[in-house]
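> sequence plus predicted model, see below.
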Amino acid sequence: MIRDGAVLVEGDRIAAIGPRRRIEALRQARSAEKLDIRGRVLLPGLVDSHTHLIFPASRAGEYEQRISGKTYQQIARDGGGIRTTVAALRKASPQSLKSRGLAYLEKFAAHGTTTVEAKSGYGLDWPSEAKILRVLHDLDQDQPLDIIRTFLGAHVVPSEYRRNPAKYVDLLVRRWIPSVAAAGLAEFCDVFCDRGAFTPAQSRRILAAGRACGLVPRIHAAQFDRTGAARLAIDSQAASADHLDHINAADVRALGLSNVVCTLLPGCSFHLGLPQRAPARQLLEAGAVVAVATDFNPGTSPTVSMPMILSLACDQLRMTPAEAISAATINPAYSLRVHDRAGSIEVGKYADFAAFDVADYREIPYYFGVNLCSLTMKRGVVVHPKKP
Ligand code: NIG
Ligand code: FE
């Protein structure tokens, strides 16, 4: 922590950081334009390492059904849930998905996020999965935040293969994953390994197929049930194991000894009103690399706010504000393999920052449910507030 600090930015990179007097005395600083954020707290731009950014509509109707007592799984069994979004996405034009994505990205930026991972997974047929990944590519080009793409063809088994999931897994492994890799449509390959989605055996094949053509594994693990996904994450050297609400002490020990980033998504239990909590404290004590993310999606966690996730990490998962901030910056940057350029304020890294209107960094999670981010810079350019 640097009190009365300053950062010197050259182009899109950090050129110097330290006490304000020392930075202001630097020769290059004399001609620099000064941006005064006196009295605020400056963090590295937040890194949101788990989102389902591209979807065509909210599921506010299901939200109301759940409040009235129907569970997420019951809704899914009755053909709703992810499949509702899939049916609507298949019909949606790339332009409409893109403009929705763009509007959300502006909100991400307004909450201090400068790097966003985004998954496919609401297409589940080749044209629609490719449509999502291409929209993500275009968004990466056309707006300031960095978008890192993950192929999640293994989100659920689509309705047309419900009677024959093995055939869908074959399709993923033999055709779609190699095509995604060959076309450079994604850097990571994810699978939802849980009851009602893919088994550990199916998930293992899917992640191995991705790995074989250069897509690094990520995994939705133990969100609703303990099926063995956490161990699979370790065995397949996944960059990240996400959710982890239902792991046991042995899983915690194993994850603590691994390099798999444990990406906790406390927005889900909050939004679904579920009592289960990921064992964040035990993971930290076991030496695990812990990240937190929004899991922005229309079913389980419709929030773009990393500051809200920081509050949930502290209030619900009992992480300290400092642990939560590391879990929202450098640790997710590592899980996305961008830690050489993002996730911390260091010379040579991108000038990605979020400034908060607080006197003490602990007040960022403390004042929950309100956005105190008053300035976001991405690669040296102020992206929030937007210029009129
Ligand atoms: O991360 N777990 C699977 N996927 C999402 C939920 C997607 C949805 O309900 O639309 C998640 O929670
Ligand atoms: Fe997810």
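Looks like it arrived, so ask away. Values in this document were obtained by computation on a predicted structure and should not be read as measured data. Ligands and ions are numbered 1, 2, ... in the order given.
> what residues are up against the residue nearest to the spatial centre of the chain?
Central residue check for the chain by C-alpha atoms, centre = their mean: the C-alpha nearest the mean position is that of His50, 2.0 Å away. Taking C-beta atoms under 8 Å, 6 or more residues apart in numbering as the contact definition, His50 lies against 117, 119, 240, 242, 263, 265, 293-295. C-betas here are computed from N, CA, C, even on glycine.
> what's the most distant pair in these?
Across the contacts of His50, the two members that end up farthest from each other (C-beta to C-beta) are Ser240 and Thr294, 14.0 Å apart.
> now do the same for Leu43: helix, strand or coil?
Per DSSP: H, G, I helix; E, B strand; the rest coil, the secondary structure class of Leu43 is strand.
> what sits against it?
Applying C-beta under 8 Å, 6+ apart, the residues contacting Leu43 are 112, 325, 329, 345, 353-356, 361, 364.
> widest-spaced pair of those residues?
Of all pairs drawn from the contacts of Leu43, the widest gap by C-beta to C-beta lies between Ile345 and Ile364 and measures 15.4 Å.
> compare the two (neighbour count), which wins?
Neighbour totals were compared for Ile345 and Ile364, and Ile364 leads with 26 against 20 (other C-beta atoms under 10 Å).
> would you confirm that the more buried one belongs to a helix?
Yes. In this structure, Ile364 lies within a helix as judged by three-state DSSP.
> who are the contact partners of the residue lying closest to it once chain neighbours are set aside?
Using C-beta to C-beta, 6 or more residues apart in numbering and skipping the chain neighbours, the partner closest in space to Ile364 is Phe356 (5.3 Å). For Phe356, the contacting residues are 40-43, 112, 307, 363-364, 372-374, taking C-beta under 8 Å, 6+ apart as the criterion.
> check contacts around the residue lying closest to Val157 once chain neighbours are set aside.
In space, and not counting its chain neighbours, Val157 is closest to Pro165: 4.6 Å by C-beta to C-beta, 6+ apart. Taking C-beta under 8 Å, 6+ apart as the contact definition, Pro165 lies against 157, 198, 202.
> what pLDDT does Pro165 get?
Pro165 is assigned a predicted lDDT (pLDDT) of 98.
> use 28 as the first number from now on
Fine by me, first position is 28 from now on; the one you just mentioned is Pro192.
> from ligand 1, how far off is it?
From Pro192 over to ligand 1 the distance is 16 Å, taken as C-beta to the nearest ligand atom, to the nearest Å.
> what's that residue sitting at in phi/psi?
Its backbone dihedrals place Pro192 at phi -60, psi -30, with angles given as degrees, to the nearest 10.
> equivalent analysis for the one 4 residues further on, please.
Reported as degrees, to the nearest 10, the phi and psi values for Val196 are phi -60, psi -40.
> how far away is the residue nearest to the centre of the chain from ligand 1?
Distance of His77 to ligand 1, computed by C-beta to the nearest ligand atom: 7 Å.
> tell me the contacts of whichever residue of the chain sits closest to ligand 1?
Distances from the chain to ligand 1, computed as C-beta to the nearest ligand atom, single out Gly326 as the nearest residue at 2.0 Å. Contacts here follow C-beta under 8 Å, 6+ apart; on that basis Gly326 touches 86, 89, 99, 108-109, 112.
> what's the farthest-apart pair in the residues you listed?
Taking every pair in those and measuring C-beta to C-beta, the maximum separation is 13.2 Å, between Tyr99 and Thr112.
> more neighbours, the two?
Neighbours of Tyr99 and Thr112, each counted by other C-beta under 10 Å, are more numerous for Thr112; the result is 27 against 23.
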